[in-house]
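Novice: got a predicted structure plus its sequence, pasted below:
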Amino acid sequence: KNQVEQSPQSLIILEGKNCTLQCNYTVSPFSNLRWYKQDTGRGPVSLTIMTFSENTKSNGRYTATLDADTKQSSLHITASQLSDSASYICVVSPRGSGTYKYIFGTGTRLKVLA
Amino acid sequence: NAGVTQTPKFQVLKTGQSMTLQCAQDMNHEYMSWYRQDPGMGLRLIHYSVGAGITDQGEVPNGYNVSRSTTEDFPLRLLSAAPSQTSVYFCASRRGGNTGELFFGEGSRLTVL
């Protein structure tokens, strides 16, 4: 069964520190992997999109990496800010299954403290 | 651009009542979809549409209907609400093709008593 698992479930860090969130998936083959940020009470917003052939993608202080051999992705947040407090969701699209398929992880809830 | 607009933001229903969640996008996107988000679970696809007049079921379609009469609008109808449909519902859209960014609305929180 295609699955996307994220760790840790939740994380608390101090403002200014770096952190790394993990995403392991069993989806194969896959077309692309995305990271979304979801603020409390809001809809998810796209941070990065990587195809299966890409290794890294950056968006400001957010850097996503992908290792297709081990089926792992990570999202690294540099110099965290209070506004980074949110849930971060990893999403994988299987290849060849139509254009509508997205498999969502359950997310990592990040809290940044002053 | 307003992006993806959902209404209402909050709704409380009694078991057996029906209602429609509205979704509109102003980006001329071909693909639109409805998801539900429940605690401890990833977003799950309810129904989707790849263009006006075309709809199809996702992984959790039971108890919901959709229609797509225009490119802009994609309403989700709850036929006879049940407590199991208590959830946060998100509408999402993107341009055609699987690599495009998926844009989400702000969500509609539904409680069924």
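Specialist: Okay, I see it. Since this is a predicted model, take the numbers as computed values, not measurements.

Novice: let me know the helix or strand that the spatially most central residue of chain B is in.
Specialist: Note on chain B: the residue nearest the mean C-alpha position is B:W34, at 2.8 Å, using Cα atoms, centre = their mean. Assigned by DSSP states H and E, B:W34 falls within strand B:31-37.

Novice: for A:T63, same thing?
Specialist: Using DSSP H and E, A:T63 falls within strand A:62-67.

Novice: list the contacts of the residue nearest to A:N18 when sequence neighbours are not counted.
Specialist: In space, and not counting its chain neighbours, A:N18 is closest to A:T78: 5.3 Å by Cβ to Cβ, 6 or more residues apart in numbering or on different chains. The way it works is simple: take the backbone N, C-alpha and C, and place the C-beta from them, glycine included. Contacts of A:T78 were listed using Cβ atoms under 8 Å, 6 or more residues apart in numbering or on different chains, and they are A:N18, A:R61, A:Y62, A:T63.

Novice: and the gap between A:T78 and A:P8?
Specialist: Going from A:T78 to A:P8 by Cβ to Cβ, to the nearest Å gives 18 Å.

Novice: try A:L14
Specialist: 16 Å.

Novice: quick one on the thing from earlier: backbone dihedrals for the residue nearest to A:N18, please?
Specialist: When read as degrees, to the nearest 10, the backbone of A:T78 gives phi -100, psi 140.

Novice: and A:Q72, how many neighbours?
Specialist: 13 (other Cβ atoms under 10 Å in any protein chain shown).

Novice: which residues does it bridge with?
Specialist: Beta bridges link A:Q72 to A:N24, A:D67 when assigned by DSSP bridges.

Novice: tell me the pLDDT of the nearest residue to B:C23 once chain neighbours are set aside.
Specialist: Once flanking residues are discounted, B:C23 sits nearest to B:C91: 3.5 Å by Cβ to Cβ, 6+ apart. For B:C91, the model assigns a pLDDT of 98.

Novice: now the end-to-end length of stretch A:63-72.
Specialist: Its start and end residues considered, stretch A:63-72 measures 14 Å (Cα to Cα, to the nearest Å).

Novice: now that stretch: buried residues?
Specialist: Neighbour-count burial for stretch A:63-72 flags A:T63, A:A64, A:T65, A:L66, A:A68, A:K71 (criterion: 16 or more other Cβ atoms under 10 Å in any protein chain shown).

Novice: next: stretch B:43-52.
Specialist: For stretch B:43-52, the buried set under the neighbour-count rule, 16+ other Cβ under 10 Å, comprises B:L43, B:R44, B:L45, B:I46, B:H47, B:Y48, B:S49, B:V50, B:A52.

Novice: go on, stretch B:89-109?
Specialist: For stretch B:89-109, the neighbour count (16+ other Cβ under 10 Å) marks B:89-94, B:98, B:100, B:102-108 as buried.

Novice: CA atoms only: put that stretch into CSV for me.
Specialist: Extracted in CSV, the C-alpha atoms of stretch B:89-109 (Å, rounded to 0.1, in the frame of the first residue of the first chain):
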residue,chain,number,x,y,z
TYR,B,89,-13.1,20.3,4.3
PHE,B,90,-10.6,21.8,1.8
CYS,B,91,-11.2,22.6,-1.8
ALA,B,92,-8.1,22.6,-4.0
SER,B,93,-7.3,23.5,-7.6
ARG,B,94,-4.5,23.4,-10.1
ARG,B,95,-3.8,23.8,-13.8
GLY,B,96,-3.8,20.7,-15.9
GLY,B,97,-0.9,18.3,-15.6
ASN,B,98,0.4,16.5,-12.5
THR,B,99,3.4,18.8,-11.7
GLY,B,100,1.4,22.0,-11.1
GLU,B,101,1.1,23.6,-7.7
LEU,B,102,-2.0,22.6,-5.8
PHE,B,103,-3.8,25.7,-4.4
PHE,B,104,-6.0,25.2,-1.3
GLY,B,105,-8.9,27.2,0.0
GLU,B,106,-9.0,28.2,3.7
GLY,B,107,-11.2,25.3,4.7
SER,B,108,-14.7,24.8,6.0
ARG,B,109,-15.1,23.4,9.4
